[in-house]
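**Student:** A predicted structure for the sequence below; I have some questions about it.
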Protein chains: 2
Amino acid sequence: MVGVTYMLKDRIKKEELLNRVMSPQEAAVFIKDGMTVATSGFTPAGYPKAVPKALAERIKAKEEPFKINLYTGASVGDELDGELARAKAIGKRLPYQTQKDCRRGINQGNIHYVDMHLSHVSDFVRYGFLGNIDVAIVEAVAITEEGFIIPSTSLGNTPVFVETADIIIVEINTHHPLELWGIHDVYQPEKPPFRKPIPILKATDRIGDAFIRVDSKKIKAIVMTDIPDSIASFSEIDKASEKMAEHLIDFFHLEVNKKRLPQNLFPLQSGVGSVANAVLAGLVKSNFYDLVIYSEVIQDAVLDLIDNGTVKFASGSSLTLSPKGIERFYNNINYYKEKILLRPQEISNSPEVIRRLGVISMNTAIEIDIYGHVNSTNIMGTNMMNGIGGSGDFTRNAFISIFTTPSIAKEGDISSIVPFVSHCDHSEHDVQVVVTEQGIADLRGLSPKEKAKTIINNCAHPDYRHELLEYYNKGPNGHIKHQLNEALSWHMRYLQKKTMKR
Amino acid sequence: MVGVTYMLKDRIKKEELLNRVMSPQEAAVFIKDGMTVATSGFTPAGYPKAVPKALAERIKAKEEPFKINLYTGASVGDELDGELARAKAIGKRLPYQTQKDCRRGINQGNIHYVDMHLSHVSDFVRYGFLGNIDVAIVEAVAITEEGFIIPSTSLGNTPVFVETADIIIVEINTHHPLELWGIHDVYQPEKPPFRKPIPILKATDRIGDAFIRVDSKKIKAIVMTDIPDSIASFSEIDKASEKMAEHLIDFFHLEVNKKRLPQNLFPLQSGVGSVANAVLAGLVKSNFYDLVIYSEVIQDAVLDLIDNGTVKFASGSSLTLSPKGIERFYNNINYYKEKILLRPQEISNSPEVIRRLGVISMNTAIEIDIYGHVNSTNIMGTNMMNGIGGSGDFTRNAFISIFTTPSIAKEGDISSIVPFVSHCDHSEHDVQVVVTEQGIADLRGLSPKEKAKTIINNCAHPDYRHELLEYYNKGPNGHIKHQLNEALSWHMRYLQKKTMKR
Ligand SMILES: CC(C)(COP(=O)(O)OP(=O)(O)OC[C@H]1O[C@@H](n2cnc3c(N)ncnc32)[C@H](O)[C@@H]1OP(=O)(O)O)[C@@H](O)C(=O)NCCC(=O)NCCS
Ligand SMILES: CC(C)(COP(=O)(O)OP(=O)(O)OC[C@H]1O[C@@H](n2cnc3c(N)ncnc32)[C@H](O)[C@@H]1OP(=O)(O)O)[C@@H](O)C(=O)NCCC(=O)NCCS
């Protein structure tokens, strides 16, 4: 049912644009060494595929040094980050990535990576802080009669990219059915001093257009493609994740009983990765219903939640669905389209909207220290995993901000609860609830010393609990008890002996 | 001209309340061991003075253990934090303090201090996350015919405290003239899911009432006082602060030239402390005009800025004026009242409004690391200075977030630019510009490695520059170059040898 045959005129409704259709190779010619290229795509859905790949091939064939700055919505697939990283063609990369060759390039020092709050990017571009955008490459399902763009499976920063770029290349991906039209809600805030309130009062509110307005004279190339997003299916849900989901659901019930949350909670945000997916899957089995999601990525578990009535509406910035998930979605697209909405990431991640709606945020940490500081990004303080993504946007403004992490990693050689985080993305001021498979630590209203005892006793793995308490107890007095000479010793031990165990 | 004689009926316009006037000692009887007491007061203006002092005296006389939880807007004066800390009567304290005995109590482990984003407090109280509030004590200039409260020199969290507290004690401070009436703009957001946009489109917008609505049946005691706020005058502006102000003003000119800021900039926020005051004083001598302030504290320098036309309007949460400043203000109150507005701290510090208006934030750091993480709170990672205050609310949502710090402290024995912050309040993702007397580092769009070189070369003190570069160069490759075993060695050296110098 997906894609396959189509009439060019159904996909490009503005006649003058028909003659801009060309091959990926021809379109890639617009991209020159030193340019800043900004693309559609968000964790990794709706990113351009054919042109970047053609560009990478050209670069590899020529063997001349060639670097671009690559700006996206969030992470993108192998055809973009992977191909260009392997061609050593990425000079600077922002704001988020998850692709292994790109990550390697960053950690080997070949790629300058600017790890940014996802809600900041559109404004930074709009305000001119990130330089001129030479080319925007955006994936679309169609171009309207007015020359406007109907995006594909994500919105990300696409509106501001096409507005500010000198020229635009559109990849029309016929893998996506025309029926996607209508799932997007495109709204761009004015610049200060003319900016007005973002008029979202409920997660379901539509406030903008179903297309991206663009000056079609800037569209210099249109490339027809038929390539699915490369989104991996999740592995089996493990015991630890199941346990975390249980703790979380217990916590929600408790908050409802205390009348601090309504029966159907407040809108939920859920982060990326296997743990976040498992937590959502856990909700499927709960007896909550009529929940609402106000998040970034809409993962497979959300379809299950919608199908069984747990969730009645989901707002996000991307349809991050596995091949099976997207098939399921397309097979029932009119049903799901009533219950799912895609927004630009400056709106899905807007502090204003998140605080107004009272969103409950759930994100996964790499490590958390005994005082509640969270490392979301850098392994052992130096090696980038993915990036902060939207976790800061949600955490800081959430009704309750929750972080999940298995208490141990690498088969127990790493404790995810450490004396001192080796990199801090979310400070003690931002983290209200910590959940591991061991239990839950509710940090609201606690002082650092109270937090330390609660986190160690409730969340740390028993193998490390004693040593964490020892670290805490031996610390000199002060508001926060730290032995600075021991603070990072757990990480050093791991680097030297491949285990944090003494 | 200030206070002195008054008619009781001018200050308490609701007749039934006249018989609740009593002595501070009588009012203090309402406060019992174990209670949560929430007061007016913001950095340190408009806090209650007589009742806390009477309470402290009672406690000291009795010598029985007595502890309350003390919640305020932000820092308060000696009559409240000082008296109660010396009486060992503070069990838990939130969200901000600057008083030396209170600080000592925190660092000696006698007071549990919860260091919070100032914008979070009202919501946390409203949502029931910080427990029941037994008593609110608020300073006022008068009570209206309806029994509503006209606050004094600050607004802070007073609206939500009086709304949620079981009972209210009002201190009517006749030191403040009745003409203060009209300077406040009281607006309280609804709880989700009924919360609406905060309708501020310009810093000058009035959106609420000039009084705090309260159920006057809850007012159990009224105490008449005549005591000024205890706000210290600033010391002479030093060379380093002058230099920082110059760098900042150069930076603003550059941004205006690049058309990234309008001629009269965007609304300015300026933090607390002597450095922040010096930066504002520097603006007095600039040729900027018609500026607008959207900040928390309105310090003496703001009056100078208004008087010479540099600033046309200032919105804040408190009038933090020295004795001379407040006299000047009261002598010309009708003039200043047209140009100054006080808001609840959840509004002055609202992420929604800050981002909408494009506020430029300027806050002072204790230390900053080479990758741009900022420590605002804990000396050597363990000893609380003041707290994060509103710096996070502004920094995260600012048009441009700027941090200032002298490059050295303690006569050069401390470098404020360090390899790794000993406490992280603002992460690399939040910090866009760093200013020391040495120069300015514009970090927008830079990767960590680029940031490190820029900060070291432009901002570090020459005495430490070489060693910082050495630390950076010797670090193993990775996204961020850190030698974990050396990361905190500068702080350890200082703790052992009282100098960071080798
Ligand atoms: C933290 C994050 C990496 C976890 O991802 P996940 O898929 O749920 O978690 P996993 O347990 O599979 O961990 C991923 C990897 O990190 C490793 N890891 C986890 N904790 C670790 C720790 N404390 N130290 C070192 N490595 C750790 C795991 O071993 C695993 O490594 P592998 O890929 O070599 O197997 C991911 O959620 C993330 O990038 N978060 C930051 C961004 C964010 O929060 N976004 C939300 C909105 S965009
Ligand atoms: C950071 C802050 C303490 C600076 O205050 P200030 O009055 O401008 O700065 P000073 O240079 O006088 O420094 C204050 C003290 O910190 C000490 N200090 C400064 N940098 C230091 C460092 N890196 N290490 C150790 N001590 C340091 C100074 O020596 C001085 O000590 P003293 O009181 O014993 O003389 C203050 O701005 C603050 O508390 N900020 C955090 C809250 C905030 O940003 N609020 C803004 C909105 S509410």
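**Tutor:** Arrived safely. Numbering: from 1, shown residues only, chains lettered A, B, ... in the order given. Ligands and ions are numbered 1, 2, ... in the order given.

**Student:** have a look at chain A and report its longest strand.
**Tutor:** Determined from DSSP state E, the single longest strand within chain A is strand A:135-143.

**Student:** now for that strand, which elements pack on it?
**Tutor:** helix A:8-11, strand A:36-39, strand A:149-151, helix A:158-164, strand A:167-173, strand A:219-225 (3 or more CB pairs under 8 Å, 6 or more residues apart in numbering or on different chains; DSSP states H and E). C-beta coordinates here come from the backbone N, C-alpha and C atoms, glycine included.

**Student:** pick the most deeply packed of those.
**Tutor:** Among those, strand A:149-151 has the highest mean neighbour count (mean count of other CB atoms under 10 Å in any protein chain shown), at a mean of 28.

**Student:** packing partners of that one?
**Tutor:** By 3+ CB pairs under 8 Å, 6+ apart, strand A:149-151 packs against strand A:135-143, helix A:158-164.

**Student:** again, only using 7 Å
**Tutor:** The contact analysis (3 or more CB pairs under 7 Å, 6 or more residues apart in numbering or on different chains; DSSP states H and E) places strand A:149-151 against strand A:135-143.

**Student:** for the strand it packs on, what is the distance to the chain centroid?
**Tutor:** Computed by CA atoms, centre = their mean, to the nearest Å, the chain-centroid distance of strand A:135-143 equals 20 Å.

**Student:** which residues are contacting that strand?
**Tutor:** By CB atoms under 7 Å, 6 or more residues apart in numbering or on different chains, the residues outside strand A:135-143 that reach it are A:11-14, A:17, A:30-31, A:35, A:37-40, A:46-48, A:51, A:149-152, A:158, A:161-162, A:165-173, A:176, A:178, A:180-181.

**Student:** need the helices for the stretch 1-150 of chain A, in chain order.
**Tutor:** A:8-11, A:24-28, A:50-62, A:83-86, A:100-107, A:121-126 (DSSP state H, counting those that start in this stretch).

**Student:** need the pLDDT of the residue lying closest to A:Leu8 once chain neighbours are set aside.
**Tutor:** Using CB to CB, 6 or more residues apart in numbering or on different chains and skipping the chain neighbours, the partner closest in space to A:Leu8 is A:Leu18 (6.7 Å). For A:Leu18, the model assigns a pLDDT of 96.

**Student:** what is the least confident helix or strand in chain A?
**Tutor:** Least confident helix or strand, chain A: helix A:274-284 with a mean of 87, by mean pLDDT, DSSP states H and E.

**Student:** buried residues in that one?
**Tutor:** With burial defined by 16 or more other CB atoms under 10 Å in any protein chain shown, the residues of helix A:274-284 counted as buried are A:275-284.

**Student:** got the angle between the longest strand of chain A and strand A:167-173?
**Tutor:** 40 degrees (axes from the mean of the first three to the mean of the last three CA atoms, to 10 degrees).

**Student:** can you add distance to A:Lys312 and give the buried residues of helix A:274-284 back as CSV?
**Tutor:** CSV is the format used below for the buried residues of helix A:274-284 (distance: CB to CB, whole Å):
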residue, distance to A:Lys312
A:Val275, 24
A:Ala276, 20
A:Asn277, 20
A:Ala278, 22
A:Val279, 19
A:Leu280, 15
A:Ala281, 18
A:Gly282, 18
A:Leu283, 13
A:Val284, 14
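
**Student:** show me what the nearest residue to A:His184 once chain neighbours are set aside bridges to in the sheet.
**Tutor:** Once flanking residues are discounted, A:His184 sits nearest to A:Leu342: 5.0 Å by CB to CB, 6+ apart. Going by DSSP bridges, A:Leu342 is paired in beta bridges with A:His184, A:Gly316.

**Student:** quick one: which of the helices and strands packed on strand A:135-143 is nearest B:Glu338?
**Tutor:** helix A:158-164 (38.3 Å; CB to CB).

**Student:** which strands and helices lie in contact with the closest one?
**Tutor:** Counting by 3+ CB pairs under 7 Å, 6+ apart, helix A:158-164 packs on helix A:121-126, strand A:135-143.

**Student:** for it, what is the average pLDDT?
**Tutor:** pLDDT averaged over helix A:158-164 gives 98.

**Student:** kindly report the same for stretch A:174-187.
**Tutor:** Averaging pLDDT along stretch A:174-187 gives 97.

**Student:** residues touching that stretch, excluding its own?
**Tutor:** Taking CB under 7 Å, 6+ apart as the rule, stretch A:174-187 contacts A:2-3, A:6, A:10-11, A:141-142, A:150-153, A:155, A:159, A:206-212, A:224, A:226-228, A:330, A:333-334, A:337, A:340-344, A:347.

**Student:** ok, longest helix in chain A?
**Tutor:** helix A:239-257 (DSSP state H).

**Student:** hmm, that one touching chain B?
**Tutor:** No - Helix A:239-257 does not reach chain B (CB under 7 Å from any CB of the partner chain); its nearest approach is 9.6 Å.

**Student:** for that helix, packing partners?
**Tutor:** For helix A:239-257, the packing partners by 3+ CB pairs under 7 Å, 6+ apart are helix A:274-284, strand A:433-436, strand A:439-442.

**Student:** switch the helices and strands packed on strand A:135-143 over to a markdown table; also include distance to B:Val135.
**Tutor:** Below are the helices and strands packed on strand A:135-143 laid out as a markdown table (distance: least, CB to CB, whole Å):
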| stretch | distance to B:Val135 |
| --- | --- |
| helix A:8-11 | 68 |
| strand A:36-39 | 56 |
| strand A:149-151 | 55 |
| helix A:158-164 | 50 |
| strand A:167-173 | 62 |
| strand A:219-225 | 66 |
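
**Student:** what's the closest of these to B:Arg104?
**Tutor:** Evaluated over these, closeness to B:Arg104 peaks at helix A:158-164, with 50.1 Å, by CB to CB.

**Student:** figure out how far that closest one is from the centre of its chain.
**Tutor:** For helix A:158-164 - counting by CA atoms, centre = their mean - the centre lies 19 Å from the chain centre.

**Student:** repeat for stretch A:242-249
**Tutor:** 22 Å.

**Student:** do stretch A:147-154 as well
**Tutor:** 19 Å.

**Student:** got the contact list for it?
**Tutor:** Contacts of stretch A:147-154 (CB under 7 Å, 6+ apart): A:14, A:17, A:40-42, A:45-46, A:73, A:138-144, A:158, A:162, A:170, A:173, A:176, A:180-181, A:184, A:211-214, A:216, A:219, A:229, A:317-319, A:342.

**Student:** on that earlier part again, out of the helices and strands packed on strand A:135-143, which comes closest to B:Asp413?
**Tutor:** Comparing the helices and strands packed on strand A:135-143 by CB to CB, strand A:36-39 comes nearest, at 44.1 Å.

**Student:** can I get the closest one as PDB, trimmed to CA atoms?
**Tutor:** Extracted in PDB, the C-alpha atoms of strand A:36-39 (Å, rounded to 0.1, in the frame of the first residue of the first chain):
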ATOM      1  CA  THR A  36      26.500  25.200   6.000                       C
ATOM      2  CA  VAL A  37      23.800  22.600   5.100                       C
ATOM      3  CA  ALA A  38      20.700  22.300   7.200                       C
ATOM      4  CA  THR A  39      18.300  19.400   6.900                       C
END
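
**Student:** cheers, nothing more for now.
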